[in-house]
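Visitor: Below is the sequence, then the predicted model.
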Amino acid sequence: MTEVTISDELHARMSQFKQVVEAVIEDQLEVEPCVEFILDRGIDLILAELLGQIDDRALLTTIQKLGIRHPEQVYGFLAEVCKLGMDEQKRQDMRSQFGFHTAEPTTTDE
């Protein structure tokens with residue numbers, strides 16, 4: 001595990017903030033996992049602040065460029081998102097946009 005040096009003041013603040021995290025999650029944490037949680041959330045919040053100001057077209061262009069540089073990771077992730085986060089109607093709509101048409105179920109009338 002990598003060690004990070006922080007000021008005594010920040011260490012004291014994080015140690016005391018641990019009680020806030022514990023109150024929210026309703027469980028006890030050791031200091032290290034709590035610090036890791038705070039840093040992880042901090043990164044996510046900073047990214048949200050930065051990317052939240054970018055328009056949709058710029059985000060789309062960013063994802064497209066990431067796909068060019070890292071196709072396996074980006075397209076694999078997007079496939080997972082499509083499978084997990086899309087209801088069947090939305091998936092049908094996307095198939096139609098792509099030009100794929102699923103066969104209608106056939107029934108046999110006797």
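Guide: All right, it came through fine. All values reported here derive from a predicted model rather than from experimental measurement.
Visitor: so what's His75 closest to, chain neighbours aside?
Guide: Let me fix one detail, which is that residue 75 is Tyr and not His. Distances taken as C-beta to C-beta, 6 or more residues apart in numbering put Gly67 closest to Tyr75, at 6.0 Å, once the chain neighbours are dropped. No exception for glycine: its C-beta is placed from N, CA and C like everyone else's.
Visitor: For the one you found, which residues are in contact?
Guide: Val74, Tyr75, Leu78 (C-beta atoms under 8 Å, 6 or more residues apart in numbering).
Visitor: One more: Met86?
Guide: Met94.
Visitor: How much space separates it from Gln97?
Guide: Met86 sits 13 Å away from Gln97, going by C-beta to C-beta, to the nearest Å.
Visitor: pLDDT averaged over stretch 95-110, what's the number?
Guide: Stretch 95-110 carries an average pLDDT of 64.
Visitor: Then stretch 20-33?
Guide: Averaging pLDDT along stretch 20-33 yields 92.
Visitor: again with stretch 77-86
Guide: The pLDDT scores in stretch 77-86 average 86.
Visitor: Return that stretch as CSV; C-alpha atoms alone will do.
Guide: What follows is stretch 77-86, C-alpha atoms only, in CSV (Å, rounded to 0.1, in the frame of the first residue of the first chain):
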residue,chain,number,x,y,z
PHE,A,77,-18.0,-0.7,-20.6
LEU,A,78,-20.7,0.8,-22.9
ALA,A,79,-21.9,-2.7,-23.8
GLU,A,80,-22.3,-3.5,-20.1
VAL,A,81,-24.2,-0.2,-19.5
CYS,A,82,-26.5,-1.0,-22.4
LYS,A,83,-27.2,-4.5,-21.1
LEU,A,84,-27.8,-3.4,-17.5
GLY,A,85,-29.2,0.1,-17.8
MET,A,86,-31.6,-0.1,-20.7
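Visitor: Nice, that's everything, thank you.
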